[in-house]
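Undergrad: With the input below, show me the fold.
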Amino acid sequence: MDPIEQVRDEGQRAIDAADVHALEAALVRLADHQRQSSDHKLQTTIHRWRGIAAIFRGDGDTARTEFHRMRDLYTMQNDELGMANSTHDLNILDFREGRYTEVIERCLPLIATLLRLEQHVSAANATDIYASALQQTGQLDEALTQYHKALELYSTAQHDAGIAHAFGNIGTLYGTMGDLPKAMEAGLKALDTFIALHDTYSIARTRTNLGYAYFRMGDLASALEMYVKALEGYMQVHDRESIALAHLNIGT
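TA: Predicted coordinates:
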């Protein structure tokens with residue numbers, strides 16, 4: 001593998017694992033390659049990784065600065081896809097910081113651009129965060145519509161993890177809206193897909209949500225079964241906060 005591509009791969013794995021130390025180590029190596037090669041395109045990746053590392057450390061201001069620098073470079077390079085992806089990174093940051101109005105304002109033009117560029121997974125990701133922002137602002141019917149659109153896009157791209165994630169969001173929102181049968185239907189579809197993907201944490205989280213639905217429907221035996229299985233999953237991934245929550249659910 002090309003040395004630069006190897007570093008990119010290491011950095012992406014660190015991002016996927018939310019491992020800030022591994023990401024910062026990859027950043028140092030990528031910056032060395034950038035200085036040696038004078039490849040200005042690497043600078044956009046450096047800004048992005050610095051921004052993500054800042055998010056992991058809880059430094060939203062630094063993350064915002066780095067993402068804007070990245071977008072400015074993509075603008076200078078007239079890289080439309082790069083500009084779109086950097087806008088999505090800003091949306092993720094704004095969502096984490098509760099700036100839902102800003103996310104909503106940027107999403108529709110962003111989604112249109114990504115669809116025109118035939119970036120179906122990226123368009124689905126943007127649609128998902130749009131739906132989440134709508135949900136946070138109480139626009140539940142429109143949020144549900146957008147979650148279904150995200151599901152359609154993930155399905156078009158045959159992106160199984162995205163499909164499972166979308167079903168999970170749809171199920172959770174149906175539960176919030178009080179439609180428990182539909183919440184169960186979507187949640188079980190999410191669970192089946194996460195099991196096929198061997199995604200232990202997402203399996204446990206989905207079982208927790210299904211447990212809530214069973215509990216609200218009065219099926220206490222099924223709720224308890226889901227909570228116990230969720231606890232087992234959280235213990236496998238050593239998620240202490242979720243383990244504590246699972247114990248509380250079981251006690252309830």
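Undergrad: can you dump the C-alpha coordinates of stretch 238-252 into CSV?
TA: Only the C-alpha atoms of stretch 238-252 are listed here, as CSV (Å, rounded to 0.1, in the frame of the first residue of the first chain):
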residue,chain,number,x,y,z
HIS,A,238,-17.1,-2.4,28.4
ASP,A,239,-19.5,0.6,28.3
ARG,A,240,-19.8,1.5,31.9
GLU,A,241,-22.5,4.1,31.6
SER,A,242,-24.7,1.9,29.5
ILE,A,243,-24.1,-1.0,31.9
ALA,A,244,-25.3,1.1,34.7
LEU,A,245,-28.4,2.2,32.7
ALA,A,246,-29.1,-1.5,31.8
HIS,A,247,-29.0,-2.4,35.5
LEU,A,248,-31.5,0.4,36.3
ASN,A,249,-33.8,-0.8,33.5
ILE,A,250,-33.7,-4.4,34.8
GLY,A,251,-34.4,-3.1,38.3
THR,A,252,-37.4,-1.2,37.1
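Undergrad: tell me which residues in that stretch are buried?
TA: 239, 242-243, 245-246, 249 (16 or more other C-beta atoms under 10 Å). Quick note: C-beta positions are derived from backbone N, CA and C, even for glycine.
Undergrad: And for stretch 71-86?
TA: Across stretch 71-86, burial judged by 16+ other C-beta under 10 Å covers 71, 73-74, 79, 82-86.
Undergrad: That one spans what distance, first to last residue?
TA: Taking C-alpha to C-alpha, to the nearest Å, the first and last residues of stretch 71-86 lie 6 Å apart.
Undergrad: Residues in contact with it: which ones?
TA: The set of residues that contact stretch 71-86 without belonging to it, under C-beta atoms under 8 Å, 6 or more residues apart in numbering, is 40-41, 43-44, 47-48, 67, 70, 87, 90, 110, 113-114, 117, 119, 122.
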